[in-house]
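predicted model and sequence follow; I will ask about them next.
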Amino acid sequence: PGPRIVLNGHLDTVPVPHAPPRIEGDVVHGRGAADMKGAVACMAEAARVAQTEPRLRCIRRVGRRGLASAVIEGAMAAAGDWLAGEGRVRDVDIMPAYVERLVRDFDGAAWRIGWDAGNGAAGPVVEKLVQLLPGEHHLLLARALYQQDKLAECEKNLDRYFETGKRSRESLALLRDLYENSSRSDALADRLKQLTEGASRKSEVQLFLGQLLLDQGRAKDAGDVFREVLQNSGEAEANVGLIRVAMAERDPAAVLSSLNKASAARITYRELVPLVQSLETAEEFGKTLIAECLKAFDAGDAELQPLTTWFCAATAAELEMMEQQGALLKATLELEPDQELMLETLDKYAGGLLVAGEYQQAARIFEQMLAQPGLPDGVRVNALFRIAIAYGALKDLKAARAAINQALQLLPNEPQLLMRLAAIEAMDGKLEVAEGILLGAVAALEGRREERGELLIDARLQLAGVYSRRGQWENAAEQYDVVLQMEEVPK
């Protein structure tokens, strides 16, 4: 009574060339030594132990039909050695029918092929499935064929990839390049519309289509596409598309409205940077947009969002309208942006004040920035560095020294911080201290010359200046000579 245990394994081996077997010490080396043959040997030993070990008396007997029964009976069948009755043995190629059955009624959904190929006999089946089933491999092949200028074969494989329902940005970009290089750009929009059907993410294709229409000068059609995306899926990126449309139509009111909606959709300022850069070639429109934004802020427009004023401030910076940039950055802060945008705005606002020589106000803004919770160390070090510059310009050397020492606590032995500290000590008349600090900075930079060669030049020139002030002319001349021999020095 009790459960019956069958130990089953295979002994078949495909006749392919392989190294001859060998025994080295207690280790057997050979094809199959650690494969199923080894496992069958373990089964045989387990059967032997089971019949002699008292603790395993529950296993009554493991005989010929219990051990590797499928293999033994299979070998007997192949030899025509039947236990009872008569039969015949013949070979049948079932692979084509087998593969056909696997892919029958395929509905286009993604397939993941996982196979224990064992001794390799299943390899041809996997190869046939890869050929028949659409997948990522068709996109990879399409890309390779495109690079070989085999456009017809490229398109064929790209279409097979699209059968999966996937529409990656990479695949759509390849489709665009394919149509452009085969003089079919006018037909691309229609093809993209077709690809929205059956797409796992319809909005992905529509967003690409909207940008294509914009590039083709069809701003109105692009706007319709982006609005449809927002209506159907609420995809936030469509808001950025509508901003592009309004910019293309040179409609400042529509740009401001779209920016306000993008802010509500949680679009970040980083996503808008490329749009700001594109306004560099549309100076007059950029100026009009800036004026309209300032007017809306002064009028107390309740719809105006901090992201909108930041965008216009960034546009002003791109057009070198520093006064308007400062006013719009200040407006952004007054509109209470989220922390990420606040840090970006404080950084730009204080940096502008520093350049303009408004050192006291710049230091105050940077200190306000330091008070923000969760400030990353890199941002904190940068703010402290510029606070030190501002207080140094104000001759408040105690405050400047305190700021730079705080930065060095976060980033010890950073050469640029050491150089600023040396400048403060030199301003305070402590030339020997400044010399020692600069020697340390130069030593640190020498080991990183390839990546920081220009900073090394500045450090040596600063050190030469300290030597000159101390009357150590030979040391100063030596530093200048070293600089002149450096490859990074402009001729």
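Structure received.

how close does the nearest residue to G198 once chain neighbours are set aside get to T196?
Leaving aside its sequence neighbours, G198 sits nearest to G165 (C-beta to C-beta, 6 or more residues apart in numbering; 5.8 Å). C-beta coordinates here come from the backbone N, C-alpha and C atoms, glycine included. Using C-beta to C-beta, to the nearest Å, G165 is found at 11 Å from T196.

this structure: strands as residue ranges?
Here the chain has its strands, by DSSP state E, at 22-24, 27-29.

helices or strands next to the first one in the packing?
Contact here means 3 or more C-beta pairs under 8 Å, 6 or more residues apart in numbering; DSSP states H and E; on that basis strand 22-24 packs against strand 27-29.

give me the residues contacting the strand it packs on.
Strand 27-29 has contacts (C-beta atoms under 8 Å, 6 or more residues apart in numbering) with A19, P21, R22, I23.

CSV for those residues, including neighbour count, pLDDT and distance to L397?
Below are those laid out as CSV (neighbours: other C-beta atoms under 10 Å; pLDDT from 0 to 100; distance: C-beta to C-beta, whole Å):
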residue, neighbour count, pLDDT, distance to L397
A19, 8, 77, 78
P21, 11, 82, 83
R22, 10, 85, 81
I23, 10, 88, 82
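
out of those, the closest to A444 would be?
Using C-beta to C-beta, A19 is the member of the contacts of strand 27-29 that sits closest to A444, with 55.9 Å.

list phi and psi for the closest one.
Per-residue torsions, A19: phi -70, psi 150 (degrees, to the nearest 10).

that one and G30, how far apart?
For A19 relative to G30 (C-beta to C-beta), the value is 8 Å.

any chance you could map the helices in the stretch 201-350 of the chain?
Here the stretch 201-350 of the chain has its helices, by DSSP state H, counting those that start in this stretch, at 202-215, 219-232, 237-248, 252-264, 273-278, 283-298, 306-318, 322-334, 339-355.

just name the most buried of those helices.
Ranked by mean neighbour count under mean count of other C-beta atoms under 10 Å, those are led by helix 306-318, which reaches a mean of 25.

so what does it touch, helix or strand wise?
Packed against helix 306-318 by the contact rule (3+ C-beta pairs under 8 Å, 6+ apart) you find helix 252-264, helix 273-278, helix 283-298, helix 322-334, helix 339-355.

got the contact list for E451?
With contact set as C-beta under 8 Å, 6+ apart, E451 has no partners.

wait, G326 touches K348, no?
No - between G326 and K348 there is no contact under C-beta atoms under 8 Å: 9.3 Å.

which stretches of the stretch 51-200 of the chain form helices?
Assigned helices in the stretch 51-200 of the chain, in chain order: 69-78, 95-103, 123-132, 136-147, 151-162, 169-181, 185-196 (criterion: DSSP H, counting those that start in this stretch).

make a markdown table from the ones you listed and add mean neighbour count to it.
Converted to a markdown table, those look like this (neighbours: other C-beta atoms under 10 Å):
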| stretch | mean neighbour count |
| --- | --- |
| helix 69-78 | 13 |
| helix 95-103 | 12 |
| helix 123-132 | 14 |
| helix 136-147 | 17 |
| helix 151-162 | 18 |
| helix 169-181 | 17 |
| helix 185-196 | 15 |
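
quick one: closest of the helices and strands packed on helix 306-318 to Q211.
Short answer: helix 273-278, nearest of these by C-beta to C-beta, at 11.5 Å.

spit out the contact partners of the residue lying closest to R266 once chain neighbours are set aside.
Nearest residue to R266, sequence neighbours excluded (C-beta to C-beta, 6+ apart): A236, at 6.2 Å. A236 makes contact with A262, A265, R266, I267 under the criterion C-beta under 8 Å, 6+ apart.
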